[in-house]
Each structure stands twice: as structure tokens, then as C-alpha cells.
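Asks: Have a look at this prediction, sequence included:
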Amino acid sequence: QVQLVESGGGLVQAGGSLRLSCAASGRTFSAYAMGWFRQVSGKEREFVAAMSRSGGNINYADSVKGRFTISRDNAKNTVYLQMNSLKPEDTAVYFCAAKRTFNSGSYLNAEYAYDYWGQGTQVTVSS
């Protein structure tokens with residue numbers, strides 16, 4: 001089992017940047033594929049980015065391609081989401097998620113595929 005804690009959210013002006021962090025408990029972080037999702041109040045949670053356990057395979061939602069970067073540091077049990085050129089429509093609660101996988105190259109885009117979730121961190125982008 002793994003526990004996830006996000007941090008790094010906040011208020012930023014449009015065009016600005018933020019880096020979210022997601023710290024995982026446990027000693028087997030490298031066995032987990034990781035993902036970031038976001039949710040606006042009253043709407044469904046949506047996929048943002050995913051990374052395989054090896055870090056070698058990555059996928060992004062079209063809405064964030066070229067602006068957001070997912071990365072991981074297995075030595076620190078942490079996954080990051082670097083968000084640049086932020087837009088007001090990026091405003092949401094951002095969640096990280098984890099799924100233990102046996103295929104080192106697999107990443108997961110679907111919310112239902114993940115077993116563990118953090119509590120979320122609020123990102124607000126002002127216009």
C-alpha cells in the first residue's frame with residue numbers, strides 16, 4: 001500500500017508556472033506507474049499526465065501538451081508536475097495517483113485504473 005501527499009498548489013497569474021509534487025510513502029515507489037488528474041467542482045475528474053514506473057513512457061492530455069511536464073525521482077519517492085504557461089482553464093484541484101504495475105513501460109490514462117490517490121492540491125490561475 002502507498003500513501004500520496006500532493007503539495008505545491010497555489011494562486012498564479014495566467015502565463016505563470018507552478019510545480020506540483022507528490023510524495024509517496026513506502027519502499028516500492030519504483031514499482032508504481034504514476035499519474036496526475038484534475039477536477040473542477042461539479043465536473044468529472046480528467047486525465048492530465050501519466051508516467052510509467054520506469055519513467056521511460058509518458059503521456060499527456062492534449063490540453064496540456066507542450067506546457068506541462070511530468071517527472072519522477074524514485075530515490076525521493078516523488079513525482080512532479082511542472083506546469084508552465086498556465087491558463088485560467090487550468091484552474092482545478094490536482095490529484096496524483098499510483099498503480100502498481102508489472103510492466104515497467106506501462107502508463108495509465110484512465111482514472112479507474114489507479115488504486116491510490118492523494119488528497120489533492122488546489123491550483124488557481126487568475127486572468
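Replies: Perfect, I can see it now. Numbers count the residues shown, from 1 in each chain.
Asks: Can you pull up the most central residue in the protein?
Replies: Trp36 (2.3 Å; C-alpha atoms, centre = their mean).
Asks: That one bridge partners, please.
Replies: Trp36 has the following beta-bridge partners by DSSP bridges: Ala49, Cys96.
Asks: Just the pLDDT for it.
Replies: The model reports Trp36 with a pLDDT of 98.
Asks: before we move on, what about Ser71?
Replies: Ser71 carries a pLDDT value of 97.
Asks: What's opposite it in the beta bridge?
Replies: Beta-bridge partners, per DSSP bridges, of Ser71: Tyr80.
Asks: so it touches Thr78, yeah?
Replies: No. Using C-beta atoms under 8 Å, Ser71 makes no contact with Thr78, being 9.2 Å away. Any C-beta I mention is one placed from the backbone N, CA and C, and that applies to glycine too.
Asks: Looking only at neighbour counts, state which of those two leads.
Replies: The neighbour count for Ser71 versus Thr78, taken as other C-beta atoms under 10 Å, is higher for Thr78 (18 against 15).
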